[in-house]
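Participant: Build me a model:
(chains A, B and C)
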Amino acid sequence: MPNPQLNSNGELRHLLALHGLPKEILTYILDTASSFVSVSDREVKKVPLMRGKSVFNLFFENSTRTRTTFEIAAKRLSADVINLNIASSSTSKGESLLDTVDNLTAMHADMFVVRHAQSGAPFLIARHLNEHGLDHIHVVNAGDGRHAHPTQGLLDMYTIRHYKKDFTQLKVAIVGDVLHSRVARSDIHAMKTLGVPEIRVIGPTTLLAPAMKDMGIRMFNDMNEGLKGVDVIIMLRVQNERINGALLPSAQEFFKSYGLTPERLALAKPDAIVMHPGPMNRGVEIDSAVADGNQAVILSQVTYGIAVRMAVMSILAGN
Amino acid sequence: MPNPQLNSNGELRHLLALHGLPKEILTYILDTASSFVSVSDREVKKVPLMRGKSVFNLFFENSTRTRTTFEIAAKRLSADVINLNIASSSTSKGESLLDTVDNLTAMHADMFVVRHAQSGAPFLIARHLNEHGLDHIHVVNAGDGRHAHPTQGLLDMYTIRHYKKDFTQLKVAIVGDVLHSRVARSDIHAMKTLGVPEIRVIGPTTLLAPAMKDMGIRMFNDMNEGLKGVDVIIMLRVQNERINGALLPSAQEFFKSYGLTPERLALAKPDAIVMHPGPMNRGVEIDSAVADGNQAVILSQVTYGIAVRMAVMSILAGN
Amino acid sequence: MPNPQLNSNGELRHLLALHGLPKEILTYILDTASSFVSVSDREVKKVPLMRGKSVFNLFFENSTRTRTTFEIAAKRLSADVINLNIASSSTSKGESLLDTVDNLTAMHADMFVVRHAQSGAPFLIARHLNEHGLDHIHVVNAGDGRHAHPTQGLLDMYTIRHYKKDFTQLKVAIVGDVLHSRVARSDIHAMKTLGVPEIRVIGPTTLLAPAMKDMGIRMFNDMNEGLKGVDVIIMLRVQNERINGALLPSAQEFFKSYGLTPERLALAKPDAIVMHPGPMNRGVEIDSAVADGNQAVILSQVTYGIAVRMAVMSILAGN
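Facilitator: As a prediction, the model looks like this:
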């Protein structure tokens, strides 16, 4: 089965997952993003690349934060943005996902930015568009279930490249609830493709995916062990709803074992950077002294996130 | 009492209902819509006809779908659109409908797109504006109670004209809960004005309006009878909240008597078109084989809906 | 401690409260607003002063009405506006106020319009931005707790100046729940600065702030006494949730003692104007005959409110 993300020329047609995307495309997106970083610094933060295009934010799962980043990115590209909070909309009237998509397609949508609690929903939409020959409509996955969050993965890669230049010399640790994290999954696939030689995951065994061992990923239950000598630390957000559940102890217990404190950070390389996809739970997975310290690049991630989303949207709209 | 929709020159001042609008105006809107169909096909889907105008979507009843069509139409005309979901707003603070309107008028609104659960609400607003000499502010009814849904009626007429060319030779059947349907009401008035010679309504007696007999409409309880030889079938949406109530049996029962299946469709003319205002309840009022079949023009209705709304808004703003 | 609203040149950097702003700045805002009144009257209601700027409406407290006025003002200045209803967003995920602000800052926000149930929240944000040297990002307080509502205060001053020309000859009465009113507080500070010689507050003792006596404000429990000979009457909105509580009797009781009727209005000067920040409770604090009468300037307040907000935003963006 061909990769639904690429057209027959191997160009990006949808952005659904970083898994399966060739290194050239990842690098092309990062390079394009560089040129957009400066746009947001200008007096007039707008380029006309998507003027008159209709971008639909289809959020079947509420996320003001992610929706906002896409909305800003699209507006800075001069697109018309229509926000659809679908939880409260037609699907509650019993209309199917694909009927909703068909309807918006008939309104001459150019792009769907899709967030969905179910893994695979953006794939379903992309495949449907492909099957109907709607080559001019593009899908961007803004997070689907536990599966993928490719723009987060890309902005993480942009951030790592910005601070560390060369992927092929790095030790990177991902800490926390790796098992349920679409961010971790997207990061790991991208790092594999971009040639990061050592990827570690750190967390309690119940929150690590055994299959990762087969991918050559090193697994650590002891955070102090896992952080030793790494260049990059990617902290994951602890989902509040999982705390005090079967898999996670209390917030204080979690912090004691896996919270990133200045003492633990000192085990990594002295110039190691600390990343977090946000929103942070201070005092749960990360100590405020680290979050606000000078090794944290968490706000740079946000800034680069806008540029990366502008890059993805303009590349898709241009193809 | 003069028709509040027309100014003293007989030009369209508000779009409140299709009842009472002369054929010339209906035809003028449909002709204008033709020119907008191509705008949505362009690379840059925008015309500057309403640049700097403020369009307020006043939705006292939630409808993401209809709100979206108006939002897109207004943005493609380059208007500034402000969405007000009034259920959660000032009226809940006890402010009256007309106080809300007065306030938005004082902010120099140019157009109100009004959706309201109560029949007549958009008329109330239009009359209020007329009485205060606010001739430059226009009201579009986006659906009021069981009364009217004029832009849906117009897009249905556009669709019929597109596929059938001549209204004066047609047999059209409307199927389902005609009694409670503002769509049916708007369609019937428009078809009467445009010269459709034979209009049929099909449904259980409890869901048909006896008054329709006086309008020369043929009423059928037997769907097979009613569909015989028709050119156009307009299926109505079954309101889920009515199923299993006093007037409607279960969804399966309804489908058995009034669901549009391929077998029943075969009773109509071979080139009959199937319409539905959406969102569809597949397996309740319509079989998926019909909904996705090649006689269905349901997605064309959506496309023409944008053009028709652009036409209505630009005509109102231009008068 | 320096005034966080002003930069080192004494220019407006944030608009947080009218208290502490020099007369020159208040007058400069009102003068600038004059030039914007005409913009909203034009065929194309837009000026390019904030093109490409990103304005974030941060509403931690729901207020469709106030949010709308800022949204319109920003759009008429050609800014990109992003609405964040934060009640349903990241703060519910446990992210702190300042983390949210840091994130939006990293997205290259230019302006935050902040509404918050807690007094001081916009100050906290402004101080945080100042401390981090983010001089190019501006905060506008759109109402914080019981503390301040400076754009409402400014539009009230604009309205008074428009109708009465000279502040220094006026008697102004504020009627109702002065104790809990941020509008009253902002109005009083502005009037003190602009030289209004006689300010009166009228209400039951439980709803008047004793500290006002020290500011030279005359306090009245008897409305008939308090209205005698005034030039301007500012009615406050009775908060429904306070009625039938410990401080307020029933709506009818309140109206009997403090509702503005035509009879009571007749006690003021014959050319007195009646103001209300909206939304009005007709029959509670104001009689419909007064609200719709020719001494009411309530809708003018709304109109001037757009111009004043355009003035504030463009002045901040320009400094």
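Participant: Flag the shaky bits of the stretch 201-319 of chain A, pLDDT-wise.
Facilitator: Applying pLDDT under 70 to the stretch 201-319 of chain A flags the ranges A:319.
Participant: Do a quick rundown of the helices in it.
Facilitator: Taking DSSP state H, counting those that start in this stretch, the helices of the stretch 201-319 of chain A run over residues A:223-227, A:251-258, A:262-265, A:288-291, A:298-318.
Participant: closest one to chain C among those helices?
Facilitator: When the helices of the stretch 201-319 of chain A are compared by Cβ to the nearest Cβ, helix A:298-318 sits nearest chain C, at 3.7 Å. (C-beta placed from N, C-alpha, C; glycine too.)
Participant: And chain B, is that closest one touching that?
Facilitator: No. Residues of helix A:298-318 contacting chain B under Cβ under 8 Å from any Cβ of the partner chain: none, with a closest distance of 10.1 Å.
Participant: touching chain C at all, that helix?
Facilitator: Yes. Using Cβ under 8 Å from any Cβ, we find that helix A:298-318 touches chain C at A:299-300, A:302-303, A:305-306.
Participant: mind giving me TSV with the residues you listed and columns for neighbour count?
Facilitator: TSV is the format used below for these (neighbours: other Cβ atoms under 10 Å in any protein chain shown):
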residue	neighbour count
A:Leu299	18
A:Ser300	17
A:Val302	22
A:Thr303	22
A:Gly305	28
A:Ile306	26
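Participant: which residues of the stretch 51-200 of chain A score low on pLDDT?
Facilitator: A:87-95.
Participant: Return the residues of it in contact with chain C.
Facilitator: Residues of the stretch 51-200 of chain A lying near chain C (Cβ under 8 Å from any Cβ): A:62, A:64-65, A:68-69, A:71-72, A:75-76.
Participant: Inside helices: which ones of those residues?
Facilitator: Members of these lying in helices (criterion: DSSP state H): A:64-65, A:68-69, A:71-72, A:75-76.
Participant: A:Thr205: which of these is nearest?
Facilitator: The nearest member of those to A:Thr205, counting by Cβ to Cβ, is A:Arg65 at 30.4 Å.
Participant: Surely that closest one and A:Pro279 touch.
Facilitator: Yes. A:Arg65 lies in contact with A:Pro279 (Cβ atoms under 8 Å); the separation is 6.7 Å.
Participant: For the residue positioned nearest the centre of chain A, what is the enclosing helix or strand?
Facilitator: Centrality entry for chain A: nearest residue to the mean C-alpha point is A:Gln152, 1.8 Å, by Cα atoms, centre = their mean. Element membership of A:Gln152 [criterion: DSSP states H and E] is helix A:150-164.
Participant: Tell me which residues of that helix come out buried.
Facilitator: A:150-164 (16 or more other Cβ atoms under 10 Å in any protein chain shown).
Participant: Contact partners for A:Leu299?
Facilitator: Applying Cβ atoms under 8 Å, 6 or more residues apart in numbering or on different chains to A:Leu299 gives the contacts C:102-103, C:105-106.
Participant: Likewise for A:Leu265?
Facilitator: Counting by Cβ under 8 Å, 6+ apart, A:Leu265 has contacts A:227, A:233, A:272, A:274, A:290, A:293, A:295.
Participant: now A:Glu71
Facilitator: A:57, A:81, A:83, C:82.
Participant: Then A:Leu247?
Facilitator: A:177, A:204, A:206-207.
Participant: ok, now A:Phe220?
Facilitator: A:173, A:200-203, A:226.
Participant: nearest to C:Leu30, of those?
Facilitator: Using Cβ to Cβ, the contacts of A:Phe220 come closest to C:Leu30 at A:Ala173, 57.7 Å.
Participant: Count the neighbours of the closest one for me.
Facilitator: A:Ala173 has 24 neighbouring residues, counting by other Cβ atoms under 10 Å in any protein chain shown.
Participant: Over to it: give its phi and psi.
Facilitator: The phi and psi values for A:Ala173, taken as degrees, to the nearest 10, are phi -110, psi 130.
Participant: My guess is it contacts A:Glu225. True?
Facilitator: No. A:Ala173 lies out of contact with A:Glu225 (Cβ under 8 Å); the separation is 10.2 Å.
Participant: Burial-wise, tell me which of the helices of the stretch 201-319 of chain A comes out on top.
Facilitator: Mean neighbour counts were taken over the helices of the stretch 201-319 of chain A using mean count of other Cβ atoms under 10 Å in any protein chain shown, and the top value, a mean of 23, falls to helix A:298-318.
Participant: Walking through chain A, point out its strands one by one.
Facilitator: A:54-59, A:80-85, A:111-116, A:138-144, A:171-175, A:198-202, A:218-220, A:232-235, A:273-275 (DSSP state E).
Participant: now those as CSV including distance to C:Lys23?
Facilitator: As requested, the strands of chain A are exported to CSV (distance: least, Cβ to Cβ, whole Å):
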stretch, distance to C:Lys23
strand A:54-59, 46
strand A:80-85, 42
strand A:111-116, 49
strand A:138-144, 50
strand A:171-175, 56
strand A:198-202, 61
strand A:218-220, 65
strand A:232-235, 51
strand A:273-275, 49
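Participant: quick one, which of the ones you listed is packed in tightest?
Facilitator: strand A:232-235 (a mean of 28).
Participant: For chain C, give me its nearest residue in the stretch 51-200 of chain A.
Facilitator: Counting by Cβ to the nearest Cβ, the stretch 51-200 of chain A gets nearest to chain C through A:Thr64 (3.6 Å).
Participant: these two touch, right, that residue and C:Leu84?
Facilitator: Yes. Assessed by Cβ under 8 Å, A:Thr64 is found in contact with C:Leu84 at 5.9 Å.
Participant: Could you tell me which residues touch both of the two?
Facilitator: By Cβ under 8 Å, 6+ apart, no residue touches both A:Thr64 and C:Leu84.
Participant: what's the closest non-adjacent residue to the closest residue to chain B within the stretch 201-319 of chain A?
Facilitator: In the stretch 201-319 of chain A, the residue that lies nearest chain B is A:Ala317 (10.1 Å; Cβ to the nearest Cβ). Spatial nearest neighbour of A:Ala317, excluding adjacent residues (Cβ to Cβ, 6 or more residues apart in numbering or on different chains): A:Met50 at 5.3 Å.
Participant: Just the local confidence number for the one you found, please.
Facilitator: With respect to pLDDT, A:Met50 has a value of 96.
Participant: need the contact list for it.
Facilitator: A:74, A:77-79, A:110, A:313-314, A:317.
Participant: re earlier: doesn't A:Arg185 make contact with the residue nearest to the centre of chain A?
Facilitator: No. The pair A:Gln152 and A:Arg185 fails to qualify as a contact (Cβ under 8 Å) at a distance of 10.1 Å.
Participant: Look up how far chain C lies from A:Asn294.
Facilitator: Distance, A:Asn294 to chain C, using Cβ to the nearest Cβ, to the nearest Å: 13 Å.
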